[in-house]
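Peer 1: got a sequence here, can you model it:
(2 chains)
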Amino acid sequence: MRIYARTIVDFLDNSAKLYPDKTALFFEKTEYTYSQVKDYSERVAGFLSRRIKKRDFIGLLMSNRPEFIISYFAIFKAGGIVLLLDQGISDDNFQKRIIETKTHIVLSETKFKEKLSRAKLLKKVDFIDIEKQEFEVSKFKKAALKPSDISTIIYTSGATSEPKAARLRHYNVVAATKNIINYLEIRKDDIDVNISSLSHSFGLGHVHTMFASGGSIILFKNSINLKGILKTIVEKKATTFAATPAILRLITNHLRTEIKECGNYLRLIQTNISPLEPDLVRDILGLLPKTKFCYYYGLSEASRATFLTFNNNLKKIKSVGKSSPSVEIKIVDPFDKKLDVGKSGEICIKGTIVIKDYLNNTKASKRIKNGWFHTGDYGYLDKDGFLFFQGRRDDIINISGEKVFPEEVEEYIRGVPGILDAAVVGVPDKLLGETITAFIKVKNKRFDKDLIIQACREKLESYKVPKSIQIIQEIPRTNNGKLRRNVLRSGYELQ
Amino acid sequence: MVGGIEPKLKKVFLKVFPSIRNVDFKKNRDSFENWDSLNHLQLVSEIEAVFGINLEMEEIAGIEKLADFVPLILKKTNKQSFSTNKQSFSTNK
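Peer 2: Have a look, this model is predicted:
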């Protein structure tokens, strides 16, 4: 399918022109055609254009709902840059991100108003509550956007300990979207079921793909009622579905009959976020023999860098696929020297999908050298060009797709009175993929572990709070003081 | 029994949602700012651990508000104590 988009706005506008009366979006009992989404987005854009200058950041803090998508396109039409804010963001991080980006408008909903107050941002930010604000039809001049303009700021876990603001350009998103459409052969008659958070590139990517190809989206608020979601796939004859490995595990464990029935309609299932265990892949292929099961590897900084279709690549089941069209991948050693086939090193990605840089972070931006993005992930390429992912360089913990830096949690734990030293690792969890275990060295053996939970709860997102705390004699460190997390992890695995 | 469950449930809820100031058992989950899929699973996992119960997939999906946990906990904990009694009865036998 040929896509003529130059910017993200074209995804919507082209489809509204070609298929004005087609349903773009199903949400609960409501349907929105492409022309309605365009019309609503222009109302919001008109409202915004009277309040912002071109290239201003506008925060988008919303749960999965049609207004998210409408506001997203509206921000571009008004000439703004989208600052994606996850609905589970901690008050501290919310405050930091608003201040760092100098964002003065946040498009949101009533339930988040209190967060603004807790983050002491009430006087700094204009909180536009989409549930209360009326958006009238008004004349406004649609912003003239260039493909090289910055479209979005996504705070990414990346490769160092501080979350960084990745600056995506319109053409980065367009290139990634074209790759998905071409590889997965997305068509205008596709109906996609989207249960992923729209404030993450995984969920938002499916909006881009469907809108660019003129398909339809069935949007869910969340993935809590999986049985109901699978029932909808059958009722609406949905053709594509994307879910994290954690969700796929739940489905194969508890909803086998239901997912089998979905196999009559689904032509494609996609997943990513964390590597899949081969047994899960084989199980899904067995349950859905007619459905294409695909995986992709990518980061916010280089979205959809590889693709893999498991059905015809069973021998490569442990790989994350081959590079996307127009994307190059190489493996380098610590001196940035390219390594041969089969040798492990840092994964580097080059192509139009690679971000411009990180906002206000020259040091991190140096990770992009001569167009090559140094991912911080480790892996190797085999002789057929398949990439094998081996791990995160910085021991990032992956809780059902949410990335946690151990350093961030450790910092709070070490601040608790009575703690001498602390280390945090991710341990396998059947439901969430990983959960956090904290190891602590304490002054007094009768130390109350709840103090740690309380300290973390006050400052961190709830998924970052350790699930288990173990008191140990000594935190293992190298001679120069570096933490040896692998020792803690292997100790945990032996238990 | 319900009186004993609710304070414990409130404590677990605040562990997962520390920023919530007013714990309303009857408020729909969509009205809470971060009661998303991940936090829903975290909450279920914590409740299962604290009350020593296992919730079924459909029960997990059917929880719309905090109050919905109460009858489930009651049902599960009663069942468990019944089977424990049964076991001790047969041992005595």
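Peer 1: and the residue positioned nearest the centre of chain A, what does it touch?
Peer 2: Central residue of chain A (C-alpha atoms, centre = their mean): residue A:200, 3.4 Å from the mean position. Residues counted as contacts of residue A:200 (C-beta atoms under 8 Å, 6 or more residues apart in numbering or on different chains) are A:84, A:86, A:401. The C-beta positions use only the backbone N, C-alpha and C, and glycine is treated the same way.
Peer 1: close enough to count as contact, the last one and residue A:244?
Peer 2: Yes: using C-beta atoms under 8 Å as the test, residue A:401 is close enough to residue A:244 to be in contact (4.9 Å).
Peer 1: those two - which one has more neighbours?
Peer 2: residue A:244 (25 against 22; other C-beta atoms under 10 Å in any protein chain shown).
Peer 1: just give me the neighbour total for the closest residue to chain B within the stretch 301-450 of chain A.
Peer 2: Of all residues in the stretch 301-450 of chain A, residue A:400 sits closest to chain B, at 5.3 Å by C-beta to the nearest C-beta. The number of residues packed near residue A:400 is 23, by other C-beta under 10 Å.
Peer 1: isn't it right next to residue A:432, touching?
Peer 2: Yes: Residue A:400 lies in contact with residue A:432 (C-beta under 8 Å); the separation is 4.6 Å.
Peer 1: what touches both of these two?
Peer 2: By C-beta under 8 Å, 6+ apart, the residues touching both residue A:400 and residue A:432 are A:246, B:38, B:41.
Peer 1: residue contacts, residue A:284?
Peer 2: Contacts for residue A:284 (C-beta under 8 Å, 6+ apart) come out as A:248, A:252, A:269, A:293, A:310.
Peer 1: looking at those, which is nearest chain B?
Peer 2: Distances from chain B to those, taken by C-beta to the nearest C-beta, are shortest for residue A:252, at 11.8 Å.
Peer 1: which residues touch that closest one?
Peer 2: In this structure, residue A:252 makes contact with A:259, A:280, A:283-284, A:287, judged by C-beta under 8 Å, 6+ apart.
Peer 1: filter the contacts of residue A:284 to the buried ones?
Peer 2: Buried subset of those (neighbour count, 16 or more other C-beta atoms under 10 Å in any protein chain shown): A:248, A:252, A:269, A:293, A:310.
Peer 1: can you show me the strands along the stretch 251-400 of chain A?
Peer 2: A:268-271, A:292-299, A:302-309, A:322-323, A:327-332, A:345-351, A:357-358, A:368-369, A:372-381, A:387-392, A:397-399 (DSSP state E, counting those that start in this stretch).
Peer 1: which other helices and strands contact the first one?
Peer 2: Going back to what we said before, that points to strand A:268-271. Under the contact definition 3 or more C-beta pairs under 8 Å, 6 or more residues apart in numbering or on different chains; DSSP states H and E, strand A:268-271 sits against strand A:240-242, helix A:245-254, strand A:292-299.
Peer 1: so for it, mean pLDDT?
Peer 2: Taken as a whole, strand A:268-271 has a mean pLDDT of 94.
Peer 1: okay, now the sheet partners of it, with direction.
Peer 2: strand A:240-242 (parallel), strand A:292-299 (parallel) (DSSP bridges).
Peer 1: over to the last one?
Peer 2: Neighbouring strands of strand A:397-399 in its sheet, by DSSP bridges, are strand A:402-404 (antiparallel).
Peer 1: state the mean pLDDT of the strand it pairs with.
Peer 2: Average pLDDT, strand A:402-404: 80.
Peer 1: distance between that strand and the chain's centre?
Peer 2: On the basis of C-alpha atoms, centre = their mean, to the nearest Å, strand A:402-404 sits 10 Å off its chain's mean C-alpha point.
Peer 1: what comes up buried for that strand?
Peer 2: For strand A:402-404, by 16+ other C-beta under 10 Å, it's A:402-404.
Peer 1: would you list these in JSON lines and tack on distance to residue B:65?
Peer 2: As requested, the buried residues of strand A:402-404 are arranged in JSON lines below (distance: C-beta to C-beta, whole Å):
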{"residue": "A:402", "distance to residue B:65": "24"}
{"residue": "A:403", "distance to residue B:65": "30"}
{"residue": "A:404", "distance to residue B:65": "28"}
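Peer 1: quick one: residue A:12 is in a strand?
Peer 2: No: assessed with DSSP: H, G, I helix; E, B strand; the rest coil, residue A:12 is helix; it does not lie in a strand.
Peer 1: check contacts around it.
Peer 2: Counting by C-beta under 8 Å, 6+ apart, the residues that residue A:12 touches are A:34, A:37-38, A:41, A:73, A:211.
Peer 1: of the residues you listed, closest to chain B?
Peer 2: residue A:37 (22.1 Å).
Peer 1: how about the closest one, nearest residue that isn't a chain neighbour?
Peer 2: residue A:24 (5.1 Å; C-beta to C-beta, 6 or more residues apart in numbering or on different chains).
Peer 1: what secondary structure does that neighbour sit in?
Peer 2: Classified using three-state DSSP, residue A:24 is strand.
Peer 1: if I look at it, how far off is residue A:166?
Peer 2: When distance is defined by C-beta to C-beta, to the nearest Å, residue A:24 is 27 Å away from residue A:166.
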